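[1] got a structure for you, letters missing:
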Ligand code: GDP
Ligand code: MG
């Protein structure tokens, strides 16, 4: 039997945007309120995507690494989830610099990427409009998902990870 493909995914974004909550939601279909924000973890996960078993290694970064550590994580990964928090404009403004660093580290390859605006359940304190996320994703030529690690309506969290796997496999 053919060995199932393996993809290495890293999750980036400012501390507090919900990276750990999203990863745990994806892996366990549950929401857990608090994680140690300084913790960095990797997980292995298998999923059936388009009738193929894909093994993922997922790195949940802490979001407070220095530049050398960030670059190391970027060299390691095949695909990247960049997360911002729709209630934190500063986290949205950190997306473009992260993307630039990724491009630089991975050049001349182009970088499989998805953009995730998290905490969509907190619409009443939103600071970043859905169209702004869509526009940024269009500029970066990547898929965009607004989702909530705690509500996860429509399974958008898994969809974002699966789409990223597809994107990696297409390259
Ligand atoms: P990380 O630093 O990016 O890993 O962020 P965490 O996963 O530790 O989450 C930071 C905080 O945001 C925690 O208090 C979480 O409970 C909260 N949080 C994460 N995702 C969501 C979400 O989708 N909705 C809401 N309301 N809170 C969230
Ligand atoms: Mg975390």
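    That came in fine, so what should we check first? Nothing here was measured: the structure is a model prediction, and the numbers come from that model. Ligands and ions are numbered 1, 2, ... in the order given.

[2] rest of the way, CA atoms for contacts and neighbours
    OK.

[3] what does the chain have sitting close to ligand 1?
    Residues of the chain that fall close to ligand 1, judged by C-alpha under 6 Å from any ligand atom: 15-21, 33-35, 37, 118-119, 121-122, 148-150.

[4] from those residues, which ones fall inside helices?
    19-21 (DSSP state H).

[5] ok, so of those residues, who is nearest ligand 2?
    residue 20 (4.2 Å; C-alpha to the ion).

[6] show the pLDDT at the closest one.
    Looking at residue 20, its pLDDT stands at 94.

[7] residues contacting the closest residue to residue 39 other than its chain neighbours?
    Residue nearest to residue 39 in three dimensions, not counting chain neighbours: residue 62, with 5.7 Å by C-alpha to C-alpha, 6 or more residues apart in numbering. The neighbours of residue 62, taking C-alpha atoms under 8 Å, 6 or more residues apart in numbering as the test, are 15, 37-40.

[8] could you turn the buried ones of those residues into a PyMOL selection?
    Entered in PyMOL, the line below selects the buried ones among the contacts of residue 62, by 16 or more other C-alpha atoms under 10 Å:
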select buried, resi 15
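
[9] can you lay out the contacts of residue 62 as TSV showing pLDDT and distance to ligand 2?
    Output for the contacts of residue 62, formatted as TSV (pLDDT from 0 to 100; distance: C-alpha to the ion, whole Å):
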residue	pLDDT	distance to ligand 2
15	95	7
37	72	5
38	74	7
39	76	6
40	80	7
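
[10] ok so, going back, put the buried members of the residues of the chain next to ligand 1 into a ChimeraX selection.
    To isolate the buried members of the residues of the chain next to ligand 1 in ChimeraX, using 16+ other C-alpha under 10 Å:
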select :15,16,17,18,19,20,21,118,119,121,148,149,150
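
[11] so which of the residues of the chain next to ligand 1 are in strands?
    Among these, the residues falling in strands (DSSP state E) are residue 118.

[12] all strands in this protein, in order from the N-terminus.
    Ranges of strands within the chain are 6-12, 41-49, 52-60, 79-85, 113-118, 143-146, based on DSSP E.

[13] could those strands go into CSV alongside distance to residue 98?
    Below are the strands of the chain laid out as CSV (distance: least, C-alpha to C-alpha, whole Å):
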stretch, distance to residue 98
strand 6-12, 8
strand 41-49, 20
strand 52-60, 15
strand 79-85, 8
strand 113-118, 11
strand 143-146, 16
